[in-house]
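Asks: Return atomic coordinates for the entry below.
(one chain, ligands or ions: 1)
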Amino acid sequence: MSFLQSEDRNGLRWSWNVFPNSKEEESRFIIPLGCLYTPKKEIKTMPTLPYVPIQCRSCSAILNPYCPVDFVGKFWSCPFCYQRNQFPESYYGISKVSLPAELIEQFTTVEYIIPQQQQQQQKQIKEQKDDIKKSPVFLFLIDIHTTQNELDSIKDTILQSLAFLPPQSRIGLITLGTAIHVYDLSFTECPKSFILRGTNEHTFEKLQDLLQLRNPIFSQKEEQESEFPIGIDKFFRPISECEFLLSEIFEDMQKDPWNSRTETRPQRCVGGGLQVALLLFARLFNLKKLNWDNIDEINPTNCLGGRIITFLSGPCTKGKGQVVDRELTNRIRSHHDLQKGTSKYTKEAFNFYDNLGEVACKLGISIDLFGCSFDQVGCYEMKTLISKTGGDLLITDKFNSEIFTNSLLYLFSQKKTTKKKQEQEQEQEQEQEQEKEKEKERENGLLNTEFNASVEVNVSAELQILGTIANCNNLPKTKSARINEEFSIGNGKTNRWKLNTLDSRTTLGFYFSVIKNEKNPVDPKRVGIIQFKTISYDSDGNIKIRVTTSGHKFGDFASNPNIIKQSFDQEAAAVLVSRLAVMRAKTEKIGTILRWMDKSLIQVCKKFANFNKNSVSSFQLSPYFSYYPQFMFHFRRSHFMNIFGDSPDESTYFSHSLYKENISNSILMFQPVLHSFTMNGPPKPVLLEMDSVQKDNILLLDSFFLVLIHHGKQIKNWIKQGYHEMEEYKDFATFLELPKQEAKIIMSGRFPYPRFIECDQGSSPARFLLSRLNPSSRKGSNNLYNSNQNENSDLTDDVSFNDFMNHLKKVVIDLD
Ligand SMILES: [Zn+2]
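Replies: Predicted coordinates:
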């Protein structure tokens with residue numbers, strides 16, 4: 001099975017598909033042993049099973065094709081803890097030729113769906129008044145200190161987005177500026193809101209009084225025992241009941257009038273607004289108390305989850321979570337301030353938001369941030385609040401833009417149906433009439449996003465889990481977890497993680513190690529097994545349990561060099577290394593990380609390339625490794641390792657996106673794809689070199705955040721002369737459309753929606769293309785791998801890829 005097939009079938013790709021057979025061998029493989037896993041990847045061939053999975057009674061691993069089965073005795077053995085488990089009676093009919101889907105060899109990924117009704121029957125939950133278990137809750141938190149134009153764009157896009165949400169889902173609305181407005185969405189006569197001070201610390205107790213969330217007739221005891229929180233209903237209404245009111249509120253909503261002074265920054269209480277939003281959720285989920293300093297007590301039992309979608313036009317300047325003064329002369333912190341440790345508010349703000357993040361995790365709520373401003377909005381301080389909760393982040397200039405609108409709508413996009421066409425057609429014929437009725441009843445399908453999710457990983461006895469690098473938070477480990485307690489990578493020391501929202505892009509990077517040592521290596525007959533179990537709620541409230549099980553052989557390079565080489569997935573490896581580098585850059589100097597990357601690249605080439613001593617021209621990398629140096633070259637030059645010109649907010653944004661995306665999108669972020677379109681043939685990929693710019697081609701650049709079309713001089717002239725409008729040059733007009741169509745396809749499926757630029761050779765916007773192209777080769781560049789290299793010599797900025805490769809080859813061969 002090729003690497004791509006494995007991704008299609010399981011959403012899973014490994015750096016090494018054959019595992020090293022000992023600790024020592026693992027370190028000789030140089031590139032870490034790990035995988036990128038996309039738990040909600042759309043898999044066309046995946047069976048969906050309408051029943052509860054069969055679990056090992058000792059370690060709770062799930063029955064899978066790697067389990068040895070005793071068909072006579074009706075037993076199965078757990079490959080993780082070796083427990084023998086009896087099949088339930090309903091499985092007694094199984095035989096080698098009649099297997100349930102979860103035991104069939106090719107179905108290494110299956111998804112169990114437990115419908116909401118069944119959940120209630122199983123847990124014997126009595127029918128309650130609340131429907132918060134049945135659908136996710138969305139709260140919009142809007143900063144109204146912005147221009148009217150920008151505010152209108154936010155309002156319009158929110159109203160548009162409501163059409164995609166399941167009609168039973170509840171929504172809430174809070175605005176923040178100088179004060180915090182919490183909107184009562186049950187009061188239909190006119191817009192009504194409760195006004196809270198932005199500078200206060202908000203507590204659960206006080207808020208209940210201020211928002212009239214107590215029943216005056218109830219005693220304290222009665223209140224404690226009440227099954228449904230009193231009064232909270234008015235702040236979270238089902239869409240069907242408040243859509244009209246919401247548009248009225250929006251019509252009435254103006255930008256903050258209190259902030260009229262222009263010589264200071266406006267008073268913006270972001271931290272207070274988020275606190276209030278979380279307290280409302282806590283109340284909705286029927287918590288009786290919430291103490292910011294004791295998050296262990298937070299234990300809601302009946303929430304399906306939801307998201308707080310935050311729109312900010314500037315940084316918090318007042319109250320908790322403040323990141324900058326109101327005085328304009330005091331500038332918001334830069335990378336330089338952060339490095340020197342002179343940033344006044346950062347540490348306190350960071351801790352404050354981090355704590356909110358922990359609370360949100362407990363509540364199953366993710367926090368998304370849309371920061372649209374020419375200045376920073378403080379997302380550096382808020383980064384763990386967003387990443388821990390699995391939220392999404394967009395940083396751009398303005399709300400009044402395609403980038404914002406399409407990105408927000410993407411959050412509410414719906415699942416593509418994965419049924420086969422034929423099946424669909426048949427069904428359509430049969431149920432056409434019924435379908436039409438249903439359509440009327442309910443226009444909305446399932447959201448692409450799933451909620452309140454956890455991912456659990458179990459490994460067989462030869463392996464240990466080091467951790468994950470992703471936008472998620474740690475959960476307590478399971479009893480039988482095999483983890484490395486001394487050394488961890490990213491979110492470590494556990495085998496379970498929480499993600500409050502999860503969609504088909506969410507990709508986690510996992511890192512593992514082998515526990516056997518060289519004297520007693522893993523028996524080559526053994527298969528190392530890793531199981532991923534993802535539990536989430538879909539937007540209809542059904543529980544989904546996706547189970548992926550992956551099995552791998554062990555080996556060592558000396559005995560089987562070719563098998564080891566062929567098991568190397570250079571794309572997966574590049575992304576795992578890039579996540580590791582970005583994570584390390586948060587606490588270490590960039591120079592240290594670049595030296596580590598150089599050193600490991602040299603070691604990889606020394607070990608896996610073929611060459612004769614003293615002959616640079618003999619250097620050859622097998623196809624399994626040939627792109628790896630190129631990935632590292634581009635990664636070193638990218639925003640991730642070169643922060644010059646980027647603000648701390650932007651750097652946060654880039655790393656957040658890298659931690660979220662799948663392999664191909666991650667690689668695009670540091671190594672863009674360039675296609676050349678000419679009149680003489682089909683479009684073809686070209687190198688990221690200056691030579692690729694030709695007067696008679698159109699270039700299409702995709703660097704994930706930016707999609708750019710560049711017309712060569714000749715093309716530009718033809719357009720100027722209007723050839724594309726002449727009947728006899730129809731082909732030219734068609735040719736001009738091709739890259740545009742391609743760009744549209746690229747951009748439509750992406751979050752964040754990319755910036756789009758169309759430009760001509762020699763024009764000013766063409767610099768966005770030129771800055772991504774490698775300079776032409778030149779002689780006399782500094783030797784990159786000089787061991788005396790000083791700390792800050794960064795590096796490949798002015799070195800072409802050819803020079804880079806030549807240096808690399810020389811160092812690899814000379815050092816030998
Ligand atoms: Zn077990």
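Asks: so where's this protein uncertain?
Replies: Applying pLDDT under 70 to the chain picks out residues 117, 119-133, 215-228, 258-261, 301-302, 416-444, 776-798, 815-816.
Asks: List the pairing partners of the helix or strand hosting residue 369 within its sheet, with orientation.
Replies: Using DSSP states H and E, residue 369 falls within strand 365-372. With DSSP bridges as the test, strand 365-372 is paired with strand 306-312 (parallel), strand 393-396 (parallel).
Asks: count of neighbours near the residue in the stretch 701-816 of the chain positioned nearest to the ion?
Replies: Per C-beta to the ion, residue 751 is where the stretch 701-816 of the chain lies closest to the ion, at 37.8 Å. Any C-beta I mention is one placed from the backbone N, CA and C, and that applies to glycine too. Per other C-beta atoms under 10 Å, the neighbour tally for residue 751 reads 21.
Asks: surely it meets residue 403?
Replies: No: using C-beta atoms under 8 Å, residue 751 is not in contact with residue 403, being 10.4 Å away.
Asks: Now for these two: what residues contact both?
Replies: residue 394 (C-beta atoms under 8 Å, 6 or more residues apart in numbering).
Asks: surely residue 94 meets residue 87?
Replies: Yes: the criterion here is C-beta under 8 Å, and residue 94 meets it with residue 87 at 7.0 Å.
Asks: Those two: which has the busier surroundings?
Replies: residue 87 (19 against 16).
Asks: ok, residue 248 - contacts?
Replies: Residue 248 neighbours (C-beta under 8 Å, 6+ apart): 190, 191.
Asks: would you list every one of the helices in the stretch 401-550 of the chain?
Replies: Using DSSP state H, counting those that start in this stretch, the helices found in the stretch 401-550 of the chain span residues 402-411, 421-441.
Asks: tally of neighbours for residue 45?
Replies: Per other C-beta under 10 Å, the neighbour tally for residue 45 reads 10.
Asks: Could you do residue 614 as well?
Replies: Neighbours around residue 614, by other C-beta under 10 Å: 9.
Asks: any idea how far the ion is from the closest residue to residue 529 other than its chain neighbours?
Replies: The shortest distance from residue 529 to any non-neighbouring residue, by C-beta to C-beta, 6 or more residues apart in numbering, is to residue 460 (4.3 Å). As for residue 460, its distance to the ion is 10 Å (criterion: C-beta to the ion, to the nearest Å).
Asks: contacting residues for residue 460?
Replies: 79, 80, 527, 528, 529, 530.
Asks: rerun that using 10 Å as the cut-off
Replies: Shown in contact with residue 460 (C-beta atoms under 10 Å, 6 or more residues apart in numbering): 61, 66, 78-82, 482, 526-531, 551-552.
Asks: and the residue lying closest to residue 136 once chain neighbours are set aside, how many neighbours?
Replies: Nearest-residue entry for residue 136: residue 306, 4.5 Å, with adjacent residues in sequence omitted and distances by C-beta to C-beta, 6+ apart. Neighbourhood size, residue 306 [other C-beta under 10 Å]: 28.
Asks: pretty sure residue 306 contacts residue 451?
Replies: Yes: with contact defined as C-beta atoms under 10 Å, residue 306 counts as touching residue 451 (6.8 Å).
Asks: on that earlier part again, which residues are common contacts for residue 94 and residue 87?
Replies: Common neighbours of residue 94 and residue 87 (criterion: C-beta under 10 Å, 6+ apart): 69, 71, 74, 76, 100.
Asks: Let me know the distance separating the closest residue to the first one other than its chain neighbours from residue 62.
Replies: Take residue 69 and drop its neighbours on the chain: the residue closest to it by C-beta to C-beta, 6+ apart is residue 76, 4.9 Å away. Residue 76 sits at a distance of 11 Å from residue 62 (criterion: C-beta to C-beta, to the nearest Å).
Asks: Overlap of the contact sets of the two?
Replies: Common neighbours of residue 76 and residue 62 (C-beta under 10 Å, 6+ apart) are 54, 56.
Asks: helices or strands up against the one helix or strand the residue nearest to residue 69 maps to?
Replies: According to DSSP H and E, residue 76 maps onto strand 75-77. Using 3 or more C-beta pairs under 10 Å, 6 or more residues apart in numbering; DSSP states H and E, the elements in contact with strand 75-77 are strand 69-70, strand 84-86.
Asks: So what does the residue nearest to residue 529 have for phi and psi?
Replies: phi -80, psi 170 (degrees, to the nearest 10).
Asks: Show me what from the chain comes close to the ion.
Replies: In this structure, the chain approaches the ion at residues 56, 58, 59, 61, 78, 80, 81, 83, judged by C-beta under 5 Å from the ion.
Asks: how about the nearest residue to the last one, chain neighbours excluded?
Replies: If I follow you right, that is residue 83. Excluding the flanking residues, the one nearest residue 83 by C-beta to C-beta, 6+ apart is residue 58, at 3.9 Å.
Asks: pretty sure the one you found contacts residue 80?
Replies: Yes: using C-beta under 10 Å, residue 58 is in contact with residue 80, at 8.8 Å.
Asks: what touches both of the two?
Replies: The contact lists of residue 58 and residue 80 share residue 480, where a contact means C-beta under 10 Å, 6+ apart.
Asks: residue of the stretch 351-500 of the chain with the smallest distance to the ion?
Replies: residue 480 (6.8 Å).
Asks: on that earlier part again, so what pairs up with the residue nearest to residue 69 in the strands?
Replies: Beta-bridge pairing for residue 76 (DSSP bridges): residue 69, residue 85.
Asks: can you pull the contacts of residue 242?
Replies: With contact taken as C-beta under 10 Å, 6+ apart, residue 242 is in contact with 162, 170-173, 183, 185-188, 234, 236, 248-249.
Asks: right, and out of those, which lies closest to residue 802?
Replies: residue 162 (53.6 Å; C-beta to C-beta).
Asks: Do me a favour and get the backbone dihedrals for that closest one.
Replies: Per-residue torsions, residue 162: phi -60, psi -30 (degrees, to the nearest 10).
Asks: Settle this for me: it is touching residue 169, isn't it.
Replies: Yes: counting by C-beta under 10 Å, residue 162 touches residue 169, with 9.2 Å between them.
Asks: So if I had to pick from these two, which one is more boxed in?
Replies: Between residue 162 and residue 169, counted using other C-beta under 10 Å, residue 169 has the larger neighbour count: 25 against 19.
Asks: To what extent is the closest residue to that one other than its chain neighbours buried, counted in neighbours?
Replies: Distances taken as C-beta to C-beta, 6+ apart place residue 135 nearest to residue 169, at 4.2 Å, with adjacent residues excluded. Using other C-beta under 10 Å, residue 135 is surrounded by 26 other residues.
Asks: Take the helices and strands packed on strand 75-77 and write them to a markdown table, including mean neighbour count and distance to residue 343.
Replies: A markdown table is the format used below for those (neighbours: other C-beta atoms under 10 Å; distance: least, C-beta to C-beta, whole Å):
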| stretch | mean neighbour count | distance to residue 343 |
| --- | --- | --- |
| strand 69-70 | 16 | 60 |
| strand 84-86 | 15 | 56 |
